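Novice: Next comes the sequence, and after it the predicted model I'd like to discuss.
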Amino acid sequence: MAIGKRLNKAREGVDREKLYPLADAIKMVKERAKAKFDETIEVAINLGVDPRHADQMVRGVVTLPNGTGRTLRVGVFARGAKADEAKAAGADVVGAEDLVEKVQNGTIDFDRCIATPDMMPLVGRLGKVLGPRGLMPNPKIGTVTMDVTGAVKGAKGGSVEFRVEKAGILQAGVGKASFSEEKLVENIKALADAVSKAKPAGSKGTYIQRVAVSSTMGPGVKVEPGTILS
């Protein structure tokens with residue numbers, strides 16, 4: 001079936017103007033996730049912020065209670081004992097100058113990047129490469145840290161980085177279509193709580209304005225914003 005026809009069929013029964021309670025929206029999305037692979041369930045949240053202003057940036061990290069269903073490859077910039085610690089914790093790629101050189105040459109074989117503070121003068125040279133990919137380590141989200149074990153295990157165990165984009169929209173994968181409705185609801189509420197706690201001082205008016213959930217290949221379903229908070 002052509003993608004257009006499949007999507008139109010999936011949209012049947014979804015009122016595109018209605019706001020559904022979170023549990024109902026998740027059920028509808030799961031019922032319409034009919035691809036031949038285990039689709040990712042995604043949430044999009046429109047926030048009442050203008051991230052062009054530094055005092056309205058929203059970013060952080062949250063460990064989802066039921067994981068993401070995705071196996072992340074974790075890269076760590078560290079030396080000596082901290083490099084050994086990273087490897088023992090399950091990091092996929094560990095290095096110092098050698099890893100910087102690989103990245104500069106275009107080889108980025110990790111989905112999450114962690115660095116010890118002493119490595120940041122080196123890693124800083126990679127800003128133009130890692131920054132646009134959302135991979136630049138940052139102490140605010142716990143990816144510049146001496147607790148290498150905790151950071152690696154968090155990334156492997158279901159932690160999700162979130163960051164608001166230019167239009168004030170924050171998007172994140174919160175699980176797989178194979179997850180139960182209850183687990184997806186728990187994950188979304190955990191994300192929403194973290195986003196709520198990250199509300200910047202510069203945000204005025206309604207903070208969480210619009211919410212929608214969808215699967216990789218399915219239609220978006222609008223959600224009542226109040227139902228995503230615990």
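Specialist: Looks like it came in fine.

Novice: where are the low-confidence patches of this protein?
Specialist: 1-10 (pLDDT under 70).

Novice: Run through the helices of the protein in chain order.
Specialist: 3-11, 22-31, 80-89, 97-104, 120-123, 127-130, 148-157, 181-197 (DSSP state H).

Novice: just so I know, which of these lies nearest residue 215?
Specialist: Of all the helices of the chain, it is helix 22-31 that lies closest to residue 215, at 5.4 Å by C-beta to C-beta. Where C-beta positions appear, they are placed from N, C-alpha and C, glycine not excepted.

Novice: pretty sure residue 207 is touching residue 196, no?
Specialist: Yes. With contact defined as C-beta atoms under 8 Å, residue 207 and residue 196 form a contacting pair (7.2 Å).

Novice: before we move on, the earlier item: make JSON lines from the helices of the chain and add distance to residue 175 to it.
Specialist: As requested, these are exported to JSON lines (distance: least, C-beta to C-beta, whole Å):
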{"stretch": "helix 3-11", "distance to residue 175": "19"}
{"stretch": "helix 22-31", "distance to residue 175": "10"}
{"stretch": "helix 80-89", "distance to residue 175": "24"}
{"stretch": "helix 97-104", "distance to residue 175": "30"}
{"stretch": "helix 120-123", "distance to residue 175": "31"}
{"stretch": "helix 127-130", "distance to residue 175": "26"}
{"stretch": "helix 148-157", "distance to residue 175": "14"}
{"stretch": "helix 181-197", "distance to residue 175": "5"}
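
Novice: JSON lines for these, including mean neighbour count and distance to residue 40?
Specialist: Shown next, in JSON lines, are those (neighbours: other C-beta atoms under 10 Å; distance: least, C-beta to C-beta, whole Å):
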{"stretch": "helix 3-11", "mean neighbour count": "13", "distance to residue 40": "15"}
{"stretch": "helix 22-31", "mean neighbour count": "21", "distance to residue 40": "11"}
{"stretch": "helix 80-89", "mean neighbour count": "17", "distance to residue 40": "25"}
{"stretch": "helix 97-104", "mean neighbour count": "15", "distance to residue 40": "26"}
{"stretch": "helix 120-123", "mean neighbour count": "15", "distance to residue 40": "29"}
{"stretch": "helix 127-130", "mean neighbour count": "13", "distance to residue 40": "23"}
{"stretch": "helix 148-157", "mean neighbour count": "20", "distance to residue 40": "17"}
{"stretch": "helix 181-197", "mean neighbour count": "19", "distance to residue 40": "11"}
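
Novice: Out of these, which gets nearest to residue 71?
Specialist: Nearest to residue 71, of the helices of the chain and by C-beta to C-beta, is helix 148-157 at 7.8 Å.

Novice: Could you check stretch 53-60 and say which residues are buried?
Specialist: 56-60 (16 or more other C-beta atoms under 10 Å).

Novice: sorry, that was for stretch 156-166
Specialist: Quick answer for stretch 156-166 (16+ other C-beta under 10 Å): 156, 158-164.
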